[in-house]
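Visitor: Could you work out the structure for the sequence below:
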Amino acid sequence: MSYPSALHDVLDRVIVPAGELARQEGKFPRAAVTALGRAGLLGLTCSAEPGGGGADLARAAEVVARVMPVCPATAAVLQSHYAAAAVVEAHGGRWLRGEVAAGRHLCSLAMVEDGAGGGVRSTARRIGGVVALRARKRDVVAAGEADSYVWSSPPVASDGGLTLWGVPAHAPGLFVPARATGAPLASATSTVVADPVRVPAEAMLGADGEGFGILLGAVLPWLLELCAVVGSGAVHPSLAALARSASGTARSADGQAFAASAAMALR
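Guide: Residues are numbered from 1 along each chain as shown. Here you go, the predicted model:
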């Protein structure tokens with residue numbers, strides 16, 4: 001079945017009723033996400049070699065644009081998933097890439113530090129083959145619902161920059177505090193805390209200290225395209241703000257300026 005036919009079927013059977021439930025009760029659209037995975041739409045943009053759809057960014061944007069009017073919560077989850085999956089596709093291990101391609105794995109972005117984190121300072125400390133990540137991330141879509149997060153930290157060994165990780169949602173030391181009143185509950189947008197979370201050193205996505213380049217080369221194009229296609233007013237506010245701030249600093253050689261402006265935009 002082609003992806004437009006698969007999407008039409010999932011929209012009619014699952015996403016429409018899931019969207020109504022999300023609007024009425026603020027519940028995460030788990031049935032919609034599961035159906036999208038089984039229909040091959042979560043793995044749409046993964047390469048065909050591990051079993052993905054091999055589609056490009058424009059096709060992903062079409063999917064988000066069609067889902068948005070029916071269920072904004074599901075559209076927000078897809079936006080974050082597709083951007084995170086682009087990093088996994090480029091830098092993740094074979095097993096993780098295969099799980100995302102098969103539609104069994106929902107990814108999300110955990111990039112922005114929460115400055116009001118009660119003293120939790122972002123750190124990355126390696127002990128043998130394990131890295132302890134400590135941070136408090138804000139505005140994470142599908143917090144507590146995703147299977148893994150593309151997570152940013154200070155470098156482990158290099159002097160500056162940013163390092164990205166694939167952090168499993170079930171890893172010990174990772175938790176989601178009670179969501180604040182007024183948060184967009186249907187998309188499960190919330191804070192995620194690592195205090196600390198321990199991951200294998202092999203969970204690093206890309207090279208140590210090279211995360212800013214990956215953000216600008218992989219995450220930013222996806223966010224900008226999704227904003228342009230479905231309109232900034234329809235894109236999840238945290239993702240739209242990140243795309244705007246990143247776009248304004250994309251030509252800067254100072255990665256810290258990128259991080260600071262993104263954090264300010266999301267406050």
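Visitor: where are the low-confidence patches of this structure?
Guide: The chain contains residues with pLDDT under 70 at 1, 115-120, 179-185, 227-267.
Visitor: so where's the longest helix in it?
Guide: In the chain, ranked by residue count with DSSP state H as the criterion, the top helix is helix 72-91.
Visitor: so how far is that helix off the chain centroid?
Guide: Taking Cα atoms, centre = their mean, to the nearest Å, one finds helix 72-91 lying 5 Å from the centre of the chain it belongs to.
Visitor: Residue 45 sits in which helix or strand?
Guide: Assigned by DSSP states H and E, residue 45 belongs to no helix or strand.
Visitor: Residue 191: how many residues sit nearby?
Guide: For residue 191, the neighbour count with other Cβ atoms under 10 Å is 22. Any C-beta I mention is one placed from the backbone N, CA and C, and that applies to glycine too.
Visitor: Kindly report the same for residue 4.
Guide: Burial of residue 4, expressed as a neighbour count using other Cβ under 10 Å, amounts to 12.
Visitor: That one and residue 75, how far apart?
Guide: Taken as Cβ to Cβ, to the nearest Å, the spacing of residue 4 relative to residue 75 amounts to 17 Å.
Visitor: now swap in residue 87 and tell me
Guide: Looking at residue 87 against residue 75, where the rule is Cβ to Cβ, the gap reads 20 Å.
Visitor: on that earlier part again, could you export the longest helix of the chain as PDB, CA atoms only?
Guide: Once non-C-alpha atoms are left out, helix 72-91 reads as follows in PDB (Å, rounded to 0.1, in the frame of the first residue of the first chain):
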ATOM      1  CA  PRO A  72      -3.000  18.600  16.300                       C
ATOM      2  CA  ALA A  73      -1.600  16.500  19.100                       C
ATOM      3  CA  THR A  74      -0.600  13.700  16.700                       C
ATOM      4  CA  ALA A  75       0.800  16.200  14.300                       C
ATOM      5  CA  ALA A  76       3.000  17.600  17.100                       C
ATOM      6  CA  VAL A  77       4.300  14.200  17.900                       C
ATOM      7  CA  LEU A  78       5.100  13.500  14.300                       C
ATOM      8  CA  GLN A  79       7.000  16.700  13.900                       C
ATOM      9  CA  SER A  80       9.300  15.900  16.800                       C
ATOM     10  CA  HIS A  81       9.600  12.300  15.800                       C
ATOM     11  CA  TYR A  82      10.600  13.000  12.200                       C
ATOM     12  CA  ALA A  83      13.200  15.600  13.300                       C
ATOM     13  CA  ALA A  84      14.600  13.200  15.900                       C
ATOM     14  CA  ALA A  85      14.500  10.200  13.400                       C
ATOM     15  CA  ALA A  86      16.700  12.200  11.000                       C
ATOM     16  CA  VAL A  87      19.400  12.200  13.600                       C
ATOM     17  CA  VAL A  88      19.000   8.500  14.300                       C
ATOM     18  CA  GLU A  89      19.000   7.700  10.600                       C
ATOM     19  CA  ALA A  90      22.300   9.600  10.200                       C
ATOM     20  CA  HIS A  91      24.100   8.600  13.400                       C
END
